[in-house]
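starting from these lines, generate the structure:
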Amino acid sequence: MNIPSDLKYAASHEWLKDDGTVGISDFAQDQLGDVVYVELPEVGREVKAGETVAVVESVKTASDIYSPASGTIVAVNEALGSAPEQVNGEPYGDGWLFKLDVTEEGGDLMDAAAYEAANG
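Next up is the predicted model:
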């Protein structure tokens, strides 16, 4: 399982980068299986940590995506509209979901070691 040490992780398997970029973990994309559709939030939307903001659909199931922090959605990964499989191929790269202007991080975020211990 790939767990980059420079990210923070929510128990619900979203990751947060220092610049506000959000995606789902390698563990999460593996559990979902082949991603076939991603419903992204609207730019400009105000969100609270823990709020449902997106949906990732795979051949197996649909999964709600929760915001790991409070803030404003400032960008979404439009490329996922035509290439949702990037969530599987590069969950920490081109498979990112959205970017936040973070006002407050969620209180339950873990570092890589804690996330690995919880999901190892």
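
quick check: closest non-adjacent residue to the residue positioned nearest the centre of the chain.
In the chain, the C-alpha nearest the mean C-alpha coordinate belongs to G23, at 2.4 Å (Cα atoms, centre = their mean). Leaving aside its sequence neighbours, G23 sits nearest to W96 (Cβ to Cβ, 6 or more residues apart in numbering; 4.3 Å). For glycine as for every other residue, the C-beta is placed from the backbone atoms N, C-alpha and C.

how close does that neighbour sit to G120?
24 Å (Cβ to Cβ, to the nearest Å).

these two - which one has more neighbours?
Taking other Cβ atoms under 10 Å, W96 and G120 do not tie; W96 has more neighbours (22 against 9).

that one touches N77, doesn't it?
Yes - the criterion here is Cβ atoms under 8 Å, and W96 meets it with N77 at 5.3 Å.

what segments of the chain are strands?
8-9, 14-16, 21-24, 35-39, 46-47, 52-58, 62-66, 69-76, 98-105 (DSSP state E).
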